[in-house]
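In: Take a look and give me a structure for this.
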Amino acid sequence: MKHTIITVMLALIALVGHGQTTKTATIKGYSPALKDSTVAECLIDMVRVASDTVRDGHFTLTFPVEKLTECYFYLEGEGCPNFLKTIFVAPDAIVSMTGEDCLYPTWKVKSTLAEQKTANRISEYIRNAMNNMLLLDIAQAPYEKRDSAYAEMIRQTIEVLPSVPVDAVSIAELKDASHYARYNEGFPYMEQLKEVEKSVVARAPKGFEEELAYIHLLVYPLHVLQPGEEAVDAELYDMQGNTHHLTETFRDGCYVLLDFWSLGCGPCRMAEPEMREVYEQLKGKLEIVGISRDKLSAWQESDWSKKIVWKNWNDGKMGKGGIESRYCDNTAVPYYVLLSPDHHVVWKSSGYGPGMFLGMAAAINGPIQDNSKNIYLAVRKVETTDKETTVSFRYYNPNDSWFRIASGSCLTAGGGKYKLIAANGITLDSKICPTEKASAATEGILSALGYADFTLTFEPFETIPVTFDFKEGEGDRDFVIRNISLK
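Out: Got it, this is the predicted structure:
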């Protein structure tokens, strides 16, 4: 009897296990134009879930899904455009993609999902505009031409949306159009977009409230804070699910660096060693708040997230509104915002360049200054007399890179201009490579970082100002440090 009971229990366990088998979706594709070295990939929540190498024009991607899911598909290989194609999948769904070329966003797509019918109607309406945009992308046409073609595709998308059902596909297309309009100043079809947004909201079934709220925020955006403006609070969560507020990090005499990042962002990870070094250097002067835009579960389970030594938070919005809507001018990551000890935005920067955080640290340790035009260059000390003004600088750069200081550099204050009369530590108008090692690191990016110290002497101020500016030139790319304090 005992043997029988054990046998039955094992059978039940097997049945339970069988019932919990992960459901999957499959995307199959074929085009005779695809090279065998081409890679097909699928992303969900911007995390790769499947990959396959094309063989004889064919590829197959199978991945787990639990419900109707929006995924992004792309092909990486010779002749393929740089574009993410949205495909909706569901458990047990099989999606078929076929084409005669490498322009996969225009291929025919078939599945049993009702949403695919909506997608096909939209794709057919914008096909010519899409094709033109993709060809310009492959040809690496000037940005203006590619952007104009993309704008035309967006216009046609807005035009067709009132005639298709309101479902996950049409709402996703409206979101993409609204996102483009939000981050392209002077978008010429804004009024049409607003009318379509109203129409979609009025016809939308239940279940899309969160997506529609984000779209509304894109169409009618909140004010994005700019340098000089006072910081605003935000609610965020740590990896244990505890609630925090940004204002918790505000302390007297302490700067706060907001680091907007994502698990799939290479530059975000490249920046980590330099940020870690600066975090240790500026203990008590700098707080770093990492703000992940990843899905909460992916962020919490990531080994990379678990290694972060500063505040590691997430607002659960995945970049759709939330704190990013108040601080970030675009959706690129990494995106950095430095807040001053008096809780104002000091500077904002999209992307990472080696040396930028060491330059930030040098500025924080020096006189109060705004070096946001070139974070790698910082004023370390200022000395004024009735005969001259001497300014000590430090510039961070990879050892194999160079910078140059023009002999036409000057200081400005109170409407006056004070000429450069001498330089020490550099040769003016010449290429200068850093000679001093910036870090004790023996490998990685930090091992290749250096700095150069130099001083510039200028004509004396007629009247000692409270602040002054340093200008290396008058062009957009010239070094400028503003509001250097003499307090």
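
In: shouldn't residue 410 be in contact with residue 416?
Out: No. Taking contacts as CB atoms under 8 Å, residue 410 lies outside contact range of residue 416: 9.8 Å. All C-beta atoms are positioned from the backbone trio N, CA, C, and that covers glycine.

In: Among the two, which residue is more densely surrounded?
Out: Each of residue 410 and residue 416 has its neighbours counted (other CB atoms under 10 Å); residue 410 has more, 19 against 14.

In: quick one: that one from residue 470, how far?
Out: Taking CB to CB, to the nearest Å as the measure, residue 410 falls 8 Å from residue 470.

In: Start and end of stretch 349-369, how far apart?
Out: Across stretch 349-369, the straight-line distance between its terminal residues is 16 Å, by CA to CA, to the nearest Å.

In: next one: it to chain centre, how far?
Out: In terms of CA atoms, centre = their mean, to the nearest Å, the centre of stretch 349-369 is found 19 Å from the chain centre.

In: remind me which residues of this protein are low pLDDT?
Out: Residues of the chain that meet the criterion pLDDT under 70 lie in 1-21, 475-476.

In: One more pass at 90, please.
Out: Filtered on pLDDT under 90, the chain yields the residue ranges 1-22, 45-47, 185, 264, 320-321, 372-373, 400, 435, 473-479, 487.

In: Show me how it divides into domains.
Out: The chain is divided into the following domains under automatic domain parsing: 23-112, 114-221, 235-350, 366-485.

In: do you know which of those lies nearest residue 356?
Out: The closest of the domains of the chain to residue 356 is domain 366-485. By CB to CB, the value is 4.5 Å.

In: Which one of the domains of the chain lies nearest to residue 357?
Out: Closest approach to residue 357 among those (CB to CB): domain 235-350, 4.5 Å.

In: related to what we said a few turns ago, and the domains of the chain as CSV, adding distance to residue 229?
Out: Compiled in CSV, these are given as follows (distance: least, CB to CB, whole Å):
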stretch, distance to residue 229
domain 23-112, 30
domain 114-221, 15
domain 235-350, 5
domain 366-485, 13
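
In: Which among those is found nearest to residue 359?
Out: Nearest of those to residue 359, taken as CB to CB: domain 366-485 at 4.2 Å.

In: Between the two ends of that closest one, how far is it?
Out: By CA to CA, the extent of domain 366-485 from end to end equals 10 Å.

In: just stretch 296-308 next, same as before
Out: Across stretch 296-308, the terminal residues are separated by 16 Å (CA to CA).

In: just stretch 278-298 next, same as before
Out: End-to-end distance for stretch 278-298: 27 Å, by CA to CA.

In: for it, which positions count as buried?
Out: Neighbour counts over stretch 278-298 (16 or more other CB atoms under 10 Å) mark 278-279, 282, 286-296, 298 as buried.

In: And stretch 28-44, by the same measure?
Out: So for stretch 28-44, counting by 16+ other CB under 10 Å, buried means 28-31, 34, 38, 40-44.

In: returning to what we had before: between the domains of the chain, which one is nearest to residue 360?
Out: In terms of CB to CB, the element of the domains of the chain nearest to residue 360 is domain 366-485, at 5.5 Å.

In: sorry, back to before: tell me which two in the buried residues of stretch 278-298 are the farthest apart.
Out: 282 and 295 (31.3 Å).

In: Can you spell out which helices and strands pack onto the longest helix along the chain?
Out: Counting by DSSP state H, the longest helix found in the chain is helix 114-138. Judged by 3 or more CB pairs under 8 Å, 6 or more residues apart in numbering; DSSP states H and E, helix 114-138 is in contact with strand 85-89, strand 108-110, helix 143-160, helix 168-182.

In: Save those as CSV, and put in distance to residue 421 too.
Out: Below are these laid out as CSV (distance: least, CB to CB, whole Å):
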stretch, distance to residue 421
strand 85-89, 61
strand 108-110, 69
helix 143-160, 42
helix 168-182, 49
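
In: Dump those into a markdown table; add mean neighbour count and distance to residue 189 as well.
Out: Output for the helices and strands packed on helix 114-138, formatted as a markdown table (neighbours: other CB atoms under 10 Å; distance: least, CB to CB, whole Å):
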| stretch | mean neighbour count | distance to residue 189 |
| --- | --- | --- |
| strand 85-89 | 22 | 21 |
| strand 108-110 | 16 | 26 |
| helix 143-160 | 17 | 5 |
| helix 168-182 | 22 | 7 |
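
In: could you pull out the helices for the stretch 201-350 of the chain?
Out: Remark: helices assigned in the stretch 201-350 of the chain by DSSP state H, counting those that start in this stretch are 209-219, 266-281, 296-301, 303-306, 324-327.

In: Which one of the helices and strands packed on helix 114-138 lies nearest to residue 445?
Out: Nearest to residue 445, of all the helices and strands packed on helix 114-138, is helix 143-160, at 28.6 Å by CB to CB.

In: Next up, the contacts around residue 205.
Out: Residues in contact with residue 205, defined by CB atoms under 8 Å, 6 or more residues apart in numbering, are 166-167.

In: An error on my part: the question was meant for residue 332.
Out: Residues in contact with residue 332 (CB under 8 Å, 6+ apart) are 350-351.

In: thinking residue 433 is in contact with residue 397, fair?
Out: Yes. In this structure residue 433 lies within contact range of residue 397 using CB under 8 Å: 7.4 Å.

In: Quick check on these two: which one has the bigger neighbour count.
Out: The residue with more neighbours, out of residue 433 and residue 397, is residue 397; 24 against 13, by other CB under 10 Å.

In: Note down every partner strand of the helix or strand the more buried one falls within and its orientation.
Out: Using DSSP states H and E, residue 397 maps to strand 389-398. Applying DSSP bridges, strand 389-398 is found paired with strand 377-384 (antiparallel), strand 449-458 (antiparallel).

In: Look up how far residue 381 lies from residue 107.
Out: Distance, residue 107 to residue 381, by CB to CB: 62 Å.

In: Neighbour count: the two, which is higher?
Out: Neighbours were counted for residue 107 and for residue 381 using other CB under 10 Å; residue 107 has more, 18 against 12.

In: Disregarding residues adjacent in the polypeptide, which is nearest to residue 54?
Out: Spatially, and ignoring its direct neighbours in sequence, residue 54 is nearest to residue 38 (4.2 Å; CB to CB, 6 or more residues apart in numbering).

In: do residue 296 as well
Out: Leaving aside its sequence neighbours, residue 296 sits nearest to residue 316 (CB to CB, 6+ apart; 5.5 Å).

In: need the contact list for the one you found.
Out: The contact partners of residue 316, by CB under 8 Å, 6+ apart, come to 237, 296, 322.

In: any residues touching the longest helix of the chain, and which ones?
Out: If you take CB under 8 Å, 6+ apart as the criterion, helix 114-138 is touched by 68, 79-83, 86-88, 95, 103, 105-106, 108-110, 145-146, 149-150, 152-153, 156-157, 159-161, 163-165, 167-170, 173.
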